[in-house]
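Chemist: I'll drop the sequence and a predicted model, then ask my questions.
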2 protein chains.
Amino acid sequence: MFSFFKRKYNLYLAPKRNLAKNIKKTLHYEPVRINLFELAFHHKSLNNGDTIYPYSNERLEYLGDAFLSMVVGEYLFQKYPYKNEGFLTKMRSKIVKRKTLNDLAQDLGLDVILSDYSIGVISNTMAGNAFEALIGAIYLDGGYEKAKKFVVREMLLQHLDLAELESVDDNYKSQLLEWSQKSNKSIEFKLLSKTKTNGRDLFKMAVSVDEELISEGEAYNKKSAEQKAAQVALRCLKVNVS
Amino acid sequence: MFSFFKRKYNLYLAPKRNLAKNIKKTLHYEPVRINLFELAFHHKSLNNGDTIYPYSNERLEYLGDAFLSMVVGEYLFQKYPYKNEGFLTKMRSKIVKRKTLNDLAQDLGLDVILSDYSIGVISNTMAGNAFEALIGAIYLDGGYEKAKKFVVREMLLQHLDLAELESVDDNYKSQLLEWSQKSNKSIEFKLLSKTKTNGRDLFKMAVSVDEELISEGEAYNKKSAEQKAAQVALRCLKVNVS
């Protein structure tokens, strides 16, 4: 009974009722402790230099980020019972990576709510961070089960296509080779050096396009060094990476 | 009633009762689905090359790792209400890092249980990985709340000294300077190169000890490049890093 009044007080009588309504409409989640959600939208740039106890959404973002990794991790674990942990880790990083979260925040319209709380321009990253902070707020507000349902329902089922993510290619070397065929360039991977570091072989690989050196990559095995060099090359060449 | 019998069946009648007893004794957790715990101790090296569906603890380890990060993250969030997310992230990485988990697994005596399931030598890392896999098994077996209580009780309260961890220094540069004073060596940090990569400045820093080049580090800011170079130097010089 008490909790009923508390909830209604927050939602309909408090001056923050607009935010509560917006959250209910956008995220289909009914907030109880509305202060948490206000905090989730509070970017540190709004503090005007108060550094003693800076009021910002960064702590909530930290919590939301950890919770998200866990829930997405478990969801994939259950969804793909026959896939190994390498596949699961890769899929998870595709889902929780900055770009996916930023896009999702835009999809959900968080940038619109954010603009009520901000003076300057809302960057994509600000919206993505607010999304993580919101997940942290929902976790604290509603508990583990509710927050888990929220992530699965609003994020994984509604806004992400796992089958599509599965097929996204994050093999940079093969992407670079594909690009070179399309654009009629010659690509070469070369071993620049192999040195002993901490008793292990350290490989430095280079990528050349039409015999011009474009990038280098260093790792403890050749394949990873190639991947690193290819990734940098794709960026330098401004090839659209999936 | 049914679940009572299921539990007792698993614990006292099944041929796996020894494992169940061991787990109860070591971890103070009473397993229900004992197969999960058997899997948690199964290192992939025991498979004799069966690569079609390799039976190993790696999937459980992946799950346990994600769960652990989340629970430790939340614990620190609640314990340090006035610390910023930078502090929380650092503390968490000190707790969930490989070395801490390996030590913890030894403390708990998991290596002893593991040796029942293994032919060769049990490495520290094998025990640490089994510990993460066990956390995954407990999460699947007992659910969120029980697994959380387990991590807080057996790991955070029993085996870790957070106050001590707080004071552990992971500033590699300052550790290197401290070492140089003790051992009467001269240390120099030098900027080797500054190049434009992807439109950003990339710094390469070098560490010299008594005018001999020891290591290099590369990053998008000088401070991080110094840290990286110092970390490698500490390893090369075999300085005991905290």
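Modeler: Perfect, thanks for sending it.
Chemist: would the longest helix seen in chain A count as contacting chain B?
Modeler: Assignment by DSSP state H gives helix A:58-79 as the longest helix of chain A. Yes - using CB under 8 Å from any CB of the partner chain, we find that helix A:58-79 touches chain B at A:Glu58, A:Arg59, A:Glu61, A:Tyr62, A:Leu63, A:Ala66, A:Phe67, A:Ser69, A:Met70, A:Gly73, A:Glu74, A:Phe77. C-beta here means a position set from N, CA and C on the backbone, and glycine is covered the same way.
Chemist: so A:Leu46 touches A:Asp116, yeah?
Modeler: No - if you go by CB atoms under 8 Å, A:Leu46 and A:Asp116 don't touch, sitting 11.7 Å apart.
Chemist: these two: which is more packed in?
Modeler: A:Leu46 (16 against 10; other CB atoms under 10 Å in any protein chain shown).
Chemist: now the angle from the longest helix of chain A to helix B:58-79?
Modeler: Orientation of helix A:58-79 against helix B:58-79 (axes from the mean of the first three to the mean of the last three CA atoms, to 10 degrees) gives an angle of 160 degrees.
Chemist: ok, and for helix A:58-79, which residues are buried?
Modeler: Going by neighbour count (16 or more other CB atoms under 10 Å in any protein chain shown), the buried part of helix A:58-79 is A:58-77.
Chemist: likewise stretch A:76-89?
Modeler: A:Leu76, A:Phe77, A:Glu85, A:Leu88.
Chemist: show me where chain A dips below the pLDDT cut-off.
Modeler: Scanning chain A for pLDDT under 70 picks out A:1-15, A:48-54, A:169-170, A:240-242.
Chemist: what residues does it have near chain B?
Modeler: A:53-54, A:58-59, A:61-63, A:66-67, A:69-70, A:73-74, A:77, A:82, A:84-85, A:88-89, A:92, A:144-145, A:197-198, A:232, A:235-236.
Chemist: which one of the buried residues of stretch A:76-89 is nearest to B:Glu216?
Modeler: Comparing those against B:Glu216 with CB to CB picks out A:Glu85 as the nearest, at 32.7 Å.
Chemist: for the nearest residue to the closest one once chain neighbours are set aside, give me its contacts.
Modeler: For A:Glu85, ignoring the flanking residues on the chain, the nearest one in space by CB to CB, 6 or more residues apart in numbering or on different chains is B:Tyr62 at 3.9 Å. Going by CB atoms under 8 Å, 6 or more residues apart in numbering or on different chains, B:Tyr62 touches A:Gly73, A:Phe77, A:Glu85, A:Leu88, A:Thr89, B:Gly136.
Chemist: and A:Lys25, which of the three is it?
Modeler: Following DSSP: H, G, I helix; E, B strand; the rest coil, we place A:Lys25 in the helix state.
Chemist: ok, it - how many residues close by?
Modeler: Neighbours around A:Lys25, by other CB under 10 Å: 10.
Chemist: same deal with A:Leu177?
Modeler: A:Leu177, neighbours per other CB under 10 Å, totals 14.
Chemist: which outside residues touch stretch A:178-197?
Modeler: Counting by CB under 8 Å, 6+ apart, A:173, A:176-177, A:201-211, A:216, A:222, A:226, A:229-230, A:234, A:237, A:239, B:232 sit against stretch A:178-197.
Chemist: touching, A:Ala147 and A:Ile135? I think so.
Modeler: Yes - between A:Ala147 and A:Ile135 there is a contact at 6.6 Å, judged by CB under 8 Å.
Chemist: show the contacting residues for the closest residue to A:Val152 other than its chain neighbours.
Modeler: The shortest distance from A:Val152 to any non-neighbouring residue, by CB to CB, 6+ apart, is to A:Tyr75 (6.2 Å). The contact partners of A:Tyr75, by CB under 8 Å, 6+ apart, come to A:Val151, A:Val152, A:Leu156.
Chemist: of those, which is the most crowded?
Modeler: Busiest of those [other CB under 10 Å] is A:Val151, holding 21 neighbours.
Chemist: check contacts around that residue.
Modeler: Here A:Val151 is in contact with A:Phe67, A:Leu68, A:Val71, A:Val72, A:Tyr75, A:Ile135 (CB under 8 Å, 6+ apart).
Chemist: isn't the second one up against A:Val96?
Modeler: Right, A:Leu68. Yes - if you go by CB under 8 Å, A:Leu68 and A:Val96 touch, sitting 5.7 Å apart.
Chemist: helix/strand/coil for A:Ile119?
Modeler: coil.
Chemist: find the nearest non-adjacent residue to it, please.
Modeler: That would be A:Leu46: by CB to CB, 6+ apart, it lies 7.1 Å from A:Ile119.
Chemist: ok, now A:Leu114?
Modeler: Nearest one to A:Leu114, counting by CB to CB, 6+ apart, is A:Ile122 at 5.0 Å.
Chemist: check A:Ala66 too.
Modeler: Distances taken as CB to CB, 6+ apart place B:Gly73 nearest to A:Ala66, at 3.7 Å, with adjacent residues excluded.
Chemist: surely that neighbour and A:Glu61 touch.
Modeler: No - applying CB under 8 Å as the test, B:Gly73 and A:Glu61 come out as separate, 11.4 Å apart.
Chemist: overlap of the contact sets of the two?
Modeler: Taking CB under 8 Å, 6+ apart as the contact criterion, no residue touches both B:Gly73 and A:Glu61.
Chemist: run the chain-centre distance for stretch A:30-47.
Modeler: 20 Å (CA atoms, centre = their mean, to the nearest Å).
Chemist: please, where are all the helices along chain A?
Modeler: A:2-8, A:17-27, A:34-40, A:58-79, A:85-96, A:98-108, A:110-115, A:124-142, A:144-150, A:162-167, A:172-182, A:222-236.
Chemist: of those helices, give the one that comes closest to B:Leu162.
Modeler: helix A:58-79 (17.0 Å).
Chemist: tell me the angle the closest one makes with helix A:124-142.
Modeler: 80 degrees.
Chemist: just the CA coordinates for helix A:58-79, please, in PDB.
Modeler: Output of helix A:58-79 as PDB, limited to C-alpha atoms (Å, rounded to 0.1, in the frame of the first residue of the first chain):
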ATOM      1  CA  GLU A  58      29.100   8.200 -14.900                       C
ATOM      2  CA  ARG A  59      28.700   6.000 -11.800                       C
ATOM      3  CA  LEU A  60      25.300   4.800 -13.100                       C
ATOM      4  CA  GLU A  61      26.900   4.200 -16.500                       C
ATOM      5  CA  TYR A  62      29.600   2.000 -14.900                       C
ATOM      6  CA  LEU A  63      26.900   0.000 -13.200                       C
ATOM      7  CA  GLY A  64      24.700  -0.300 -16.300                       C
ATOM      8  CA  ASP A  65      27.700  -1.300 -18.400                       C
ATOM      9  CA  ALA A  66      28.500  -4.200 -16.100                       C
ATOM     10  CA  PHE A  67      24.900  -5.300 -15.800                       C
ATOM     11  CA  LEU A  68      24.500  -5.100 -19.600                       C
ATOM     12  CA  SER A  69      27.500  -7.300 -20.200                       C
ATOM     13  CA  MET A  70      26.200  -9.900 -17.800                       C
ATOM     14  CA  VAL A  71      22.700 -10.000 -19.200                       C
ATOM     15  CA  VAL A  72      23.700 -10.100 -22.800                       C
ATOM     16  CA  GLY A  73      26.400 -12.700 -21.900                       C
ATOM     17  CA  GLU A  74      23.800 -14.900 -20.300                       C
ATOM     18  CA  TYR A  75      21.200 -14.400 -23.100                       C
ATOM     19  CA  LEU A  76      23.800 -15.600 -25.700                       C
ATOM     20  CA  PHE A  77      24.900 -18.400 -23.500                       C
ATOM     21  CA  GLN A  78      21.300 -19.700 -23.400                       C
ATOM     22  CA  LYS A  79      20.500 -18.900 -27.000                       C
END
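Chemist: please consider this matter closed, and thank you.
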